[in-house]
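**Q** No sequence on hand, only this structure:
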């Protein structure tokens, strides 16, 4: 019975666990039938979350109208004309998002450490276990929304020649609208 208790006590005293960076452990000078175990665990865990919401709203409302040109109630009518009416709009949006992971380039590399077991008794069980674990979780949520709305109207006025003994010329000018919208996004999830 005394030998059994000695073997159990030797087992309990010789189990060593380490966690973290470079560690080393040594077990030596144990008795016969001892159970000797060195366990080294290196664990690295990193979580990176990026939430990006980009919203662009371009609203353009334009109206161009030239006036009326009228020649009336004259003995001899003269020329009448209206000027040009024109609208222009331009919009440019450029946005860039770069999600560099906070975890960087984690590599599973031996963290060093180790162990040695020597000078143990006959029929002893000796185990050295070394485990490296790396867990990287990256979540990128990118919501890109673009809304372009353009409302345009263009009209020319009336050109009237009436009530003249001799009619003259009447003309109206041009009416025009122009719109240019450009939107670009650049998203990089590393």
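**A** Thanks, I have the structure now. The shown structure was predicted, so the numbers you read here are calculated from the model rather than taken from an experiment.
**Q** Now do the strands in this structure.
**A** 15-19, 24-28, 35-65, 69-72, 80-81, 85-99, 114-118, 125-155, 159-162, 170-171, 175-189 (DSSP state E).
**Q** residue ranges with poor pLDDT in this structure?
**A** 1-23, 77, 105-113 (pLDDT under 70).
**Q** picking that back up, export the strands of the chain to JSON lines and append columns for mean neighbour count.
**A** The way it works is simple: take the backbone N, C-alpha and C, and place the C-beta from them, glycine included. Converted to JSON lines, the strands of the chain look like this (neighbours: other Cβ atoms under 10 Å):
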{"stretch": "strand 15-19", "mean neighbour count": "14"}
{"stretch": "strand 24-28", "mean neighbour count": "15"}
{"stretch": "strand 35-65", "mean neighbour count": "15"}
{"stretch": "strand 69-72", "mean neighbour count": "18"}
{"stretch": "strand 80-81", "mean neighbour count": "16"}
{"stretch": "strand 85-99", "mean neighbour count": "14"}
{"stretch": "strand 114-118", "mean neighbour count": "16"}
{"stretch": "strand 125-155", "mean neighbour count": "13"}
{"stretch": "strand 159-162", "mean neighbour count": "15"}
{"stretch": "strand 170-171", "mean neighbour count": "18"}
{"stretch": "strand 175-189", "mean neighbour count": "14"}
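**Q** so what's the closest residue to residue 38 other than its chain neighbours up against?
**A** With sequence-adjacent residues excluded and distances taken as Cβ to Cβ, 6 or more residues apart in numbering, residue 38 is closest to residue 115, at 3.5 Å. Contacts were defined as Cβ atoms under 8 Å, 6 or more residues apart in numbering; by that measure residue 115 touches 16, 24, 25, 26, 27, 38, 40, 128, 130.
**Q** just residue 76 next, same as before
**A** Contact analysis of residue 76 by Cβ under 8 Å, 6+ apart lists 164, 165, 166, 168.
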